[in-house]
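>>> please find the sequence and the predicted model below.
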Number of protein chains: 2
Amino acid sequence: MAVGAPRNRKPTLFIIGGAEDRLGKATVLRRFVRLAGGRNARIALIPTASSFQGEVAEAYHDVFTRLGAPDPVVVNPQDRQAAHDPELVARLDGATGIFMSGGSQLKLSQRLPGTPLGDALHRAHERGAVIGGTSAGASIMSQFMISMGDEGITPRQRHSQLSAGLGLLEGVVIDQHFAQRSRYGRLMSMVAASPSLIGIGIDEDTAIEVRNRTTFTVHGSGAVFVLDCREAVSDAPEARRGAPLMVSGAVVHSLPAGATFDLSEVRLVDFVEKHPDVAVALASAKA
Amino acid sequence: MAVGAPRNRKPTLFIIGGAEDRLGKATVLRRFVRLAGGRNARIALIPTASSFQGEVAEAYHDVFTRLGAPDPVVVNPQDRQAAHDPELVARLDGATGIFMSGGSQLKLSQRLPGTPLGDALHRAHERGAVIGGTSAGASIMSQFMISMGDEGITPRQRHSQLSAGLGLLEGVVIDQHFAQRSRYGRLMSMVAASPSLIGIGIDEDTAIEVRNRTTFTVHGSGAVFVLDCREAVSDAPEARRGAPLMVSGAVVHSLPAGATFDLSEVRLVDFVEKHPDVAVALASAKA
C-alpha cells in the first residue's frame, strides 16, 4: 500500500455518541484510526465545537499517535469567514481521516455546512477518507441535526428543534449521549413530527461505522437506537406545547456492538454476538 | 340506581403508575371514585404494600371522601395467613371498588395471589367492581410482575426479574413510575426475553382504565408506553449478564390521555386530543 493511502475506498462515516474511551483500550478510536489508514493515516482534527480547543486537540493528538497514527493536523476555523481559508481546505483535502470533536454543534453548523471547508468534507467522504465525529461532531453529520432538547423517555411537543447539518448522511437525525442523557423522548418527538427521517440515537463510547451511506455496524460498549416512525400514527400536528405526544406504532431497534443495520431497508441485516467467550461459558454451564 | 350499586358492570381495572395527584384536581383518583360508584361507592382500601400503612390509609380516606365517596373500609393482611381471614374477605366481597396502594409489590405477591383475599379480588373483578392500584398496587395486577431492576433506556441482560402477580390482566407485564424512573430498558428487556407478553409502562399521575380485559383508555397527565416484541429479533437467549441487549423491530406506542388501545390486537383504536381548548387556539392562530 502506498504511504498515506486510505485503507478503504468506500465512503465511510464513523459516528460516535460522545465520551469515548481515550485512555484505556480505546476500542472505538482504535477502529477510527484503523479506518483512516493506521500508521499511514493522515488525520485532520477539527476541535472547533469545543470550548477548550487547545486541550481537546492535544488529547486527540495523544490518543491518535498512541494508537499508531502519525501526528494529526489541526483545522480550526474561528468563524464562517475562516472556513474559506485555502490552507485549511488543503489540510482536509490531504487527509485520509477527519475527526470532529464534541462541544457545541451550533458552532459547527455556523462554520461547516455550505462553506469551502464543508465542501472539502464532502469531497473527502466521496474519495473514501473516513469522516469521524463524536458528540457534537456526530450530530453535525446528518442532514437534520437536533440542536437542543430536554431529557426523558416521553416524547413531548416542541421540546427540541432541528438545524441543518452537513448532510453527509441523508434521511436521518442523529442524537448522541443517548442513554446517558435519556434522549429517547426528544429523538422520538423529532421523527414523529418528520416521519420521513429515521432517528439514530448513539450511546457514549459507542459508534456506528456507516458504509456507502446505507449500512452501519455498531462498535463500542453501549447501544445504538434506531427509531422508525414511517408507519406510526401521531398527534404531532395538534398536540399543545409540552404535552406528551401520542406516537403509536413506532418501530424501535436497540443495537449493541456486532449489529449491522441497513438504513435504506431500515432493518437489521446481521448480528454477531460480541462476547463469544462469555456466551460459550454460559452455554457450557447450562449443558 | 340502588344505593351501593357499581356504576359499571363490565370487568374494569384502573391501573395507576404511582404518585397520582391527591391534593389538587385529582383527575386520576376522581375517575376511580366515579367508576366505583361515586357517592354510592363502597371502597375497600388495601394499604398493605406500604411501609406507612396508617398514613397511607388516612391519605386515601381523605381524598376518596373529598371526591364524594363514603368512608372506605381497610383490608390490611399482615401475612399470608391473615389473607385467609373471612372478615377481610367479606370486606372485599362487599366492595364496588378496591384500591391497592404503593409500596413493595413483593409484600402484595406474598399475601394476595393464591389466597382467599386474592380469590375475592378475582370475584370482585368478575362482578364488575373496579380494581384500582397505584405503583406496587399496579404491578401486582398482571400475571407477570417486574419486582426489581435498574434505571435507563438501554435494555440489558438480567437486570430485572419477574414474579407472579394476581393475573387479573393476562399476557402483559406492567411497569410504573415509567418515565420518572426511566424504566424503558428494564421493561424492554423483559418483553424481549418473553415476547408473548406485552409490556405496559405507566407514568406517574397517569392511569389505564382496562375494560373487559382487552381495551384500555389512558387518563392523567403523563403517558403510557406499550412495548410489543412479538415480531422482534433479540439476543436475549445469548447475551451476557449486564450487556446491552439486541432488540430489533420492537413496536412501541406512547399514549397520552385520550388514547384507547386494544390489547388483543395490540393497536391504537381511538384517540381524542385531550386539550381541545389549546388546539382550537392554535388552529385559530394559524388560520
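Okay, I see it. Being a predicted model, the structure only gives us computed values, none of them experimental. Numbering: from 1, shown residues only, chains lettered A, B, ... in the order given.
>>> ok, A:Arg42 touching A:Ile98?
No - under the criterion of Cβ atoms under 8 Å, A:Arg42 is not in contact with A:Ile98, lying 9.7 Å apart. (Each C-beta comes from the backbone N, C-alpha and C, glycine too.)
>>> neighbour count winner among those two?
The residue with more neighbours, out of A:Arg42 and A:Ile98, is A:Ile98; 28 against 22, by other Cβ atoms under 10 Å in any protein chain shown.
>>> what comes up buried for the helix or strand in which the more buried one is found?
Using DSSP states H and E, A:Ile98 maps to strand A:97-100. Of the residues in strand A:97-100, A:Gly97, A:Ile98, A:Phe99, A:Met100 count as buried by neighbour count, 16 or more other Cβ atoms under 10 Å in any protein chain shown.
>>> and it, how far out from the chain middle?
Computed by Cα atoms, centre = their mean, to the nearest Å, the chain-centroid distance of strand A:97-100 equals 11 Å.
>>> C-alpha coordinates for it, CSV please?
Below are the C-alpha coordinates for strand A:97-100, written out as CSV (Å, rounded to 0.1, in the frame of the first residue of the first chain):
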residue,chain,number,x,y,z
GLY,A,97,-9.3,10.6,8.1
ILE,A,98,-11.1,13.7,9.5
PHE,A,99,-12.2,13.8,13.1
MET,A,100,-14.6,16.4,14.6
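>>> following the longest helix belonging to chain A, which helix or strand shows up next?
The longest helix of chain A (DSSP state H) is helix A:53-66. Reading on from helix A:53-66 to the C-terminus, the next helix or strand found by DSSP H and E is strand A:73-74.
>>> verify the stated contact: A:Arg241 with A:Arg158.
Yes - look at A:Arg241 against A:Arg158 with Cβ under 8 Å: they come within range, at 4.7 Å.
>>> ok, those two, which is more surrounded?
Higher neighbour count among A:Arg241 and A:Arg158: A:Arg158, with 15 against 10, using other Cβ under 10 Å.
>>> wait, isn't that one in contact with A:Gly242?
Yes - between A:Arg158 and A:Gly242 there is a contact at 7.0 Å, judged by Cβ under 8 Å.
>>> for whichever strand or helix holds A:Ala192, give me every contacting residue.
Taking DSSP H and E as the criterion, A:Ala192 maps to helix A:184-193. The contact list for helix A:184-193 (Cβ atoms under 8 Å, 6 or more residues apart in numbering or on different chains) reads A:144, A:146, A:149-157, A:159-160, A:162, A:173, A:175, A:178, A:197-199, A:201, A:225, A:227-229, A:232, A:234, A:236, A:245, A:247, A:250, B:153, B:179, B:184, B:254.
>>> what does the stretch 101-250 of chain A put close to chain B?
By the rule Cβ under 8 Å from any Cβ of the partner chain, the part of the stretch 101-250 of chain A lying against chain B is A:152-155, A:178-179, A:182, A:184-185, A:188, A:203, A:222-223, A:225, A:233, A:235, A:238-240, A:243-250.
>>> helices or strands up against the strand holding A:Ile98?
The helices and strands touching strand A:97-100, judged by 3 or more Cβ pairs under 8 Å, 6 or more residues apart in numbering or on different chains; DSSP states H and E, are helix A:27-36, strand A:43-46, strand A:130-134, helix A:136-139.
>>> which ones among the residues of the stretch 101-250 of chain A next to chain B are found in strands?
Judged by DSSP state E, those include A:Ala223, A:Phe225, A:Val233, A:Val247, A:Ser248, A:Gly249, A:Ala250 as members of strands.
>>> so in chain A, where's the weakest helix or strand by average pLDDT?
Least confident helix or strand of chain A, by mean pLDDT, DSSP states H and E, is helix A:276-286 with a mean of 42.
>>> so, low pLDDT: which residues of chain A?
A:1-8, A:275-287 (pLDDT under 70).
>>> pretty sure A:Ala236 sits against A:Gln157.
Yes - using Cβ under 8 Å, A:Ala236 is in contact with A:Gln157, at 7.1 Å.
>>> and for these two, which residues touch both?
Common contacts of A:Ala236 and A:Gln157 (Cβ under 8 Å, 6+ apart): A:Ser189, A:Leu245.
>>> how about A:Ala236, nearest residue that isn't a chain neighbour?
The shortest distance from A:Ala236 to any non-neighbouring residue, by Cβ to Cβ, 6 or more residues apart in numbering or on different chains, is to A:Ala193 (4.3 Å).
>>> that neighbour: neighbour count?
Neighbour tally, A:Ala193, other Cβ under 10 Å: 20.
>>> ok, back up a step: what sits up against the strand holding A:Ile98?
For strand A:97-100, using Cβ under 8 Å, 6+ apart, the contacting residues are A:6, A:32-33, A:35-37, A:41-46, A:48-49, A:60, A:64, A:69, A:72, A:75, A:92, A:108, A:121, A:124, A:129-134, A:136-137, A:140.
>>> so what's A:Ser142 up against?
A:Gly165, A:Leu166, A:Gly167, A:Leu168, A:Leu169, A:Glu170, A:Val172, A:Val173, A:Ile174, A:Ile200.
>>> just the buried members of these?
Looks like the contacts of A:Ser142 have A:Gly165, A:Leu166, A:Gly167, A:Leu168, A:Leu169, A:Val172, A:Val173, A:Ile174, A:Ile200 buried, using 16+ other Cβ under 10 Å.
>>> nearest spatial neighbour of the first one, chain-adjacent residues omitted?
Here the nearest residue to A:Gly165 in space, its sequence neighbours aside, is A:Met145; by Cβ to Cβ, 6+ apart that works out to 3.8 Å.
>>> partner residues bridging A:Asp175?
Taking DSSP bridges as the rule, A:Asp175 bridges to A:Gly201.
>>> doesn't A:Asp203 make contact with it?
No - if you go by Cβ under 8 Å, A:Asp175 and A:Asp203 don't touch, sitting 10.2 Å apart.
>>> between these two, which has more neighbouring residues?
For A:Asp175 and A:Asp203, the more surrounded residue by other Cβ under 10 Å is A:Asp203, and the numbers stand at 30 against 26.
>>> was I right about the more buried one contacting B:Thr154?
Yes - assessed by Cβ under 8 Å, A:Asp203 is found in contact with B:Thr154 at 6.8 Å.
>>> which neighbours do those two share?
A:Ala179, A:Gly222, A:Ala223, B:Pro244.
>>> buried members of the residues you listed into ChimeraX, please.
Typed into ChimeraX, the line below selects the buried ones among those, using 16+ other Cβ under 10 Å:
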select /A:179,222,223 /B:244
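>>> may I see the shared contacts of A:Asp203 and B:Thr154 arranged in a markdown table, with distance to B:Ala82 as well?
As requested, the shared contacts of A:Asp203 and B:Thr154 are arranged in a markdown table below (distance: Cβ to Cβ, whole Å):
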| residue | distance to B:Ala82 |
| --- | --- |
| A:Ala179 | 43 |
| A:Gly222 | 47 |
| A:Ala223 | 45 |
| B:Pro244 | 43 |
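>>> closest one of the shared contacts of A:Asp203 and B:Thr154 to B:Val56?
Among the shared contacts of A:Asp203 and B:Thr154, A:Ala179 lies closest to B:Val56 (Cβ to Cβ), at 33.9 Å.
>>> measure that closest one to A:Ala49 for me?
According to Cβ to Cβ, to the nearest Å, A:Ala179 stands 21 Å off from A:Ala49.
>>> list the buried residues of stretch A:255-270.
A:Leu255, A:Pro256, A:Ala257, A:Gly258, A:Ala259, A:Thr260, A:Phe261, A:Leu263, A:Leu268.
>>> okay, and which of those residues map to strands?
When the buried residues of stretch A:255-270 are checked against strands (DSSP E), the matches are A:Leu255, A:Pro256, A:Ala259, A:Thr260, A:Phe261, A:Leu268.
>>> give the bridge partners for the last one, please.
On the basis of DSSP bridges, A:Leu268 takes part in beta bridges with A:Phe261.
>>> is it correct that it is in contact with A:Pro256?
No - taking contacts as Cβ under 8 Å, A:Leu268 lies outside contact range of A:Pro256: 11.6 Å.
>>> so A:Glu20 sits against A:Leu29, correct?
Yes - counting by Cβ under 8 Å, A:Glu20 does reach A:Leu29; the two are 5.9 Å apart.
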